[in-house]
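[1] Using only what follows, build the 3D model:
(chains A and B)
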Amino acid sequence: MSATIPRRVRDAHRKSQRGAEESPWVRRILIGLCAAFLLLFLCLPLINVFVQAFSKGVSAYFSSLTHPDTLAAMRLTLTVALITVPLNVIFGLAAAWCVAKFEFRGKALLTTLIDLPFSVSPVVAGLIYVVLFGLQGYLGPWLQDRELQIIFAVPGIVLATLFVTFPFVARELIPVMQATGTEQEQAAMTLGASGWKTFWHVTLPSVKWGLLYGIILCNARTMGEFGAVSVVSGHITGKTDTLPLRVEKLYNEYQAAAAFGVASLLALLALVTLVIKTYLEWKQHAQLAEAQSAPEDSLSDPSNTRA
Amino acid sequence: MSISLVNVSKRFGDVNAVSGVNFSVQDGELVALLGPSGGGKTTVLRMIAGLEMPTDGDILIRGQRVNNLPVQQRNIGFVFQNYALFKTMSVFDNIAFGLKIKKWKRADIDARVTELVDLFDLRGLEKRFPHQLSGGQRQRIAIARALAPKPGVLLLDEPFGAVDAKIRQELREWLVRLHHDLNVTTVFVTHDQEEAMEVSNRIVIFSRGRLEQIGTPREVYEQPANEFVARFIGVMNVLEATVQQGQARAGELAFPAHGVADGTQMRIGFRPYAVAVSIDLTQYAYQATLRHTYFLGILLRVEFELPSGLIVRGRMTKEEYASLGLEDGREVSLQIKNYRILARDDAALGTEVPLTPPPRPHIAENI
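    This is a model prediction of the structure:
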């Protein structure tokens, strides 16, 4: 939802600006700079990931992916995503709902807190949990007495990932919900709908695309998170290694081809995410453009013929 | 379905939005809640609907106290100012929503929606979405949606506020017809006194959270309960006058005030139709110049300036204007036939007092 200006408006704006446009040379240089930068720092490395992955042949590539430890990392990453994304959807909906639909004291503070994970280094996020739940941490001894392990285990990885990814859904939904307002929900209630039915039939459909968009971004970050997870996971091969941690470990063990093989999975995930994200954005724009281009007055109004 | 409000108050924080309001709406009535914005009328409407809880007092529907009855169970239809149509649903689904919630049978829903679509002239639009419709169409869909589950009372918040002037006039007439046909108890909020006068059986007038008067359009126009109502309903000339030797004077104009102490301040009001005009400069007491004529259709608004600079607004038909041979700049004589003491150093509102000569029949008093 980065640029929600409908195309029609954008085009009109462009036309009106034509007289004051920069000279073609400035434009070409700027576009050239951008393209060169993207090529050098994004496209080439991405292509290189796949080149390196296949450097020892196709069969080596697939055997590196089917290595038991790599398969364990895949399972763990999917498990973490399956826990984290739904939790963040629930949290995001709840947070966006209360920020967009209610007025209360401390609302500005809550909005700032939602953004906190964006501004905190993921490593710090991981350390917070080590300090809290680690053996030397505040709650460590209490947890140990009950034989609950959080740090260097899956719960710690889930917690750290939750922390890092919780703004994605909420941030996408807040502007959409604010724009929709509360009147449609009130209308549903006057028609007899309960709170749950109102949410299901009225609120959710109106934020559908924004929600999907948030989920896609949240999922991509969940699967790709390295810093915070690295601090809390303990790097136990086959047990607490997620895919990004597996890549690092393979690389450090001088298995470059295998490392790039696993990395290519993450790169593919990124590309798929990008395609879905673009589709969702396009879908949202199409809906908005449709709403804006609807002829307000050209439709015949039957009430005109009655009086 | 009859509605009663007993001593109803509503506070938002420190603000008294509504204070101690009492009134009743009879079964089948069409009632306007009228007042300037911020007067508390929308809050009253939302309390009847159950969208707001009263801080004090009781709301009765059919004699039953409904304070604790949630909005879903009050059996009301509510039309929001901006219609609040469900943007993600087609026209059909919008109208059918309340019926689906109430678990009507599929065939019954189809029949009811078709009936409303016919009644509201919406044929052919069933598959459209709200953003593909004109303002007038959206409003009719909002009313159709509210009426679909056959509510006992229809509540409308500024129903004509969001459409342009021409359609507004048609919608008013349409609402009156609709109310006549369906005979459902209807309460609507408006800040437009003309709209309230034209559409409703009775008007409830609010100002700053208080109920100022309740009555038929004729009653509130002819017998305003207080200065606020007198000034809010219809156009009125208002003069600040000072009593000198038994006469309240404002510029050249003098009104009898026998037995009132010299120096007492009075506020005097008179309707534009109470101004009698003659081109015979000796016929009436005051000389004035016709400053400006405003053409309003069948009626003209005329502005006279007295030598002191005092402006008096009058109103006359095109025929009167022509037979008097008036034009801007013309010298005339005039007289105030009826007036009302609006306030006398905080004393109560006076009744309308005729001055000689006796008043002629009223013309077009609602305008």
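[2] so where is the stretch 201-307 of chain A shaky, pLDDT-wise?
    A:284, A:287-307 (pLDDT under 70).
[3] how close does residue A:206 sit to chain B?
    Separation of residue A:206 from chain B (Cβ to the nearest Cβ, to the nearest Å) stands at 6 Å. Yep, even glycine has a C-beta here, placed from its N, CA and C like the rest.
[4] My error: substitute residue A:160 in the last question.
    Residue A:160 is 37 Å from chain B, by Cβ to the nearest Cβ.
[5] Now do the same for that residue: helix, strand or coil?
    helix (DSSP: H, G, I helix; E, B strand; the rest coil).
[6] What is the burial count for it?
    Each residue near residue A:160 was counted by other Cβ atoms under 10 Å in any protein chain shown, and the total is 28.
[7] excluding its backbone neighbours, what's nearest it?
    Counting by Cβ to Cβ, 6 or more residues apart in numbering or on different chains, the nearest residue to residue A:160 once its immediate chain neighbours are dropped is residue A:228, at 3.9 Å.
[8] Tell me, how many residues neighbour that neighbour?
    Quick note: residue A:228 (other Cβ under 10 Å) scores 28 neighbours.
[9] Now it: which helix or strand?
    Counting by DSSP states H and E, the element that carries residue A:228 is helix A:227-233.
[10] Could you export that helix as PDB, CA atoms only?
    Provided in PDB are the C-alpha atoms of helix A:227-233 (Å, rounded to 0.1, in the frame of the first residue of the first chain):
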ATOM      1  CA  GLY A 227      19.200 -11.800  13.800                       C
ATOM      2  CA  ALA A 228      16.800 -12.300  16.600                       C
ATOM      3  CA  VAL A 229      16.400 -16.000  15.900                       C
ATOM      4  CA  SER A 230      20.200 -16.400  15.800                       C
ATOM      5  CA  VAL A 231      20.500 -15.100  19.400                       C
ATOM      6  CA  VAL A 232      17.800 -17.300  20.900                       C
ATOM      7  CA  SER A 233      18.100 -20.500  18.900                       C
END
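[11] Mind telling me which residue of the stretch 151-300 of chain B is nearest chain A?
    residue B:170 (4.3 Å; Cβ to the nearest Cβ).
[12] Read off the pLDDT value for that residue.
    Note for residue B:170: predicted pLDDT of 83.
[13] mind listing the strands for the stretch 51-200 of chain A?
    Here the stretch 51-200 of chain A has no strands by DSSP state E, counting those that start in this stretch.
[14] Quick check: buried residues in stretch A:198-217?
    A:198, A:201-203, A:206-217 (16 or more other Cβ atoms under 10 Å in any protein chain shown).
[15] residues contacting residue 85?
    If you meant another chain, say so; for now it's chain A. With contact set as Cβ atoms under 8 Å, 6 or more residues apart in numbering or on different chains, residue A:85 has these partners: A:165, A:215, A:218-219, A:222.
[16] ah, no, chain B please
    Residue B:85 touches A:184, A:187, B:94, B:130, B:138, B:141-142, B:145, counting by Cβ under 8 Å, 6+ apart.
[17] I'd like the residues you listed as CSV, with pLDDT and neighbour count appended.
    CSV is the format used below for the contacts of residue B:85 (pLDDT from 0 to 100; neighbours: other Cβ atoms under 10 Å in any protein chain shown):
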residue, pLDDT, neighbour count
A:184, 91, 23
A:187, 94, 25
B:94, 95, 26
B:130, 90, 21
B:138, 90, 21
B:141, 93, 25
B:142, 94, 25
B:145, 95, 31
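[18] what domains does the record give for chain A?
    A:23-53, A:56-291 (automatic domain parsing).
[19] Of these, flag the one that's most buried.
    The highest mean neighbour count among these, using mean count of other Cβ atoms under 10 Å in any protein chain shown, belongs to domain A:56-291: a mean of 18.
[20] gap between that domain and the chain center?
    Averaged C-alpha coordinates place domain A:56-291 at 7 Å from its chain's average position (Cα atoms, centre = their mean, to the nearest Å).
[21] my guess is residue A:134 meets residue A:153, correct?
    No. Residue A:134 is not in contact with residue A:153 according to Cβ atoms under 8 Å; the separation is 11.3 Å.
[22] residues near residue B:109, how many?
    20.
[23] can you give me the helices for the stretch 201-350 of chain B?
    With DSSP state H, counting those that start in this stretch as the criterion, the stretch 201-350 of chain B has helices at B:217-222, B:227-232, B:318-324.
[24] so which of those comes closest to residue A:31?
    Each of those was scored for nearness to residue A:31 using Cβ to Cβ, and the closest is helix B:227-232 (63.5 Å).
[25] Can you get me the start-to-end distance on stretch B:245-256?
    10 Å (Cα to Cα, to the nearest Å).
[26] residues of it that come out buried?
    Neighbour-count burial for stretch B:245-256 [16+ other Cβ under 10 Å]: B:247-251, B:253-255.
[27] how about the residues you listed in a markdown table, adding pLDDT and distance to chain A?
    Output for the buried residues of stretch B:245-256, formatted as a markdown table (pLDDT from 0 to 100; distance: Cβ to the nearest Cβ, whole Å):
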| residue | pLDDT | distance to chain A |
| --- | --- | --- |
| B:247 | 86 | 50 |
| B:248 | 86 | 46 |
| B:249 | 87 | 49 |
| B:250 | 87 | 44 |
| B:251 | 85 | 45 |
| B:253 | 88 | 43 |
| B:254 | 87 | 47 |
| B:255 | 88 | 44 |
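[28] The residue positioned nearest the centre of chain A and chain B, how far apart?
    Residue closest to the mean C-alpha point of chain A, counted by Cα atoms, centre = their mean, is residue A:217 at 1.8 Å. Separation of residue A:217 from chain B (Cβ to the nearest Cβ): 23 Å.
[29] backbone phi and psi for that residue, please?
    Dihedral pair for residue A:217: phi -60, psi -40, per degrees, to the nearest 10.
[30] wait, doesn't it sit right on residue A:170?
    No. Counting by Cβ under 8 Å, residue A:217 sits too far from residue A:170 to count as a contact (11.4 Å).
[31] hmm, back to that, contacting residues for the residue nearest to residue A:160?
    A:122-123, A:125-126, A:160-161, A:163-164.
[32] And residue B:93, by the same measure?
    Here residue B:93 is in contact with residue B:86 (Cβ under 8 Å, 6+ apart).
[33] can you pull the pLDDT of it?
    For residue B:93, the pLDDT comes out at 94.
[34] quick revisit: and the residue of the stretch 151-300 of chain B closest to chain A, how many neighbours?
    18.
[35] Quickly find the element holding it.
    helix B:165-182.
[36] list the helices and strands that helix packs on?
    Applying 3 or more Cβ pairs under 8 Å, 6 or more residues apart in numbering or on different chains; DSSP states H and E, we find helix B:165-182 packed against helix B:135-147, strand B:185-190, helix B:193-199.
[37] how about 10 Å then?
    Secondary-structure packing of helix B:165-182 (3 or more Cβ pairs under 10 Å, 6 or more residues apart in numbering or on different chains; DSSP states H and E): strand B:30-34, helix B:106-119, helix B:135-147, strand B:153-157, strand B:185-190, helix B:193-199.
[38] And that helix, what's buried?
    Buried residues in helix B:165-182 (16+ other Cβ under 10 Å): B:167-168, B:170-172, B:174-176, B:178-179.
[39] Residue A:218 is in contact with residue A:166, correct?
    Yes. Shown here, residue A:166 and residue A:218 form a contact pair, counting by Cβ atoms under 10 Å, at 8.3 Å.
[40] which residues are common contacts for these two?
    Here residue A:166 and residue A:218 have A:84, A:87-88, A:92 as joint contacts, going by Cβ atoms under 10 Å, 6 or more residues apart in numbering or on different chains.
[41] can you tell me which of these lies nearest to chain B?
    Of the shared contacts of residue A:166 and residue A:218, the one sitting nearest to chain B (Cβ to the nearest Cβ) turns out to be residue A:92, at 19.7 Å.
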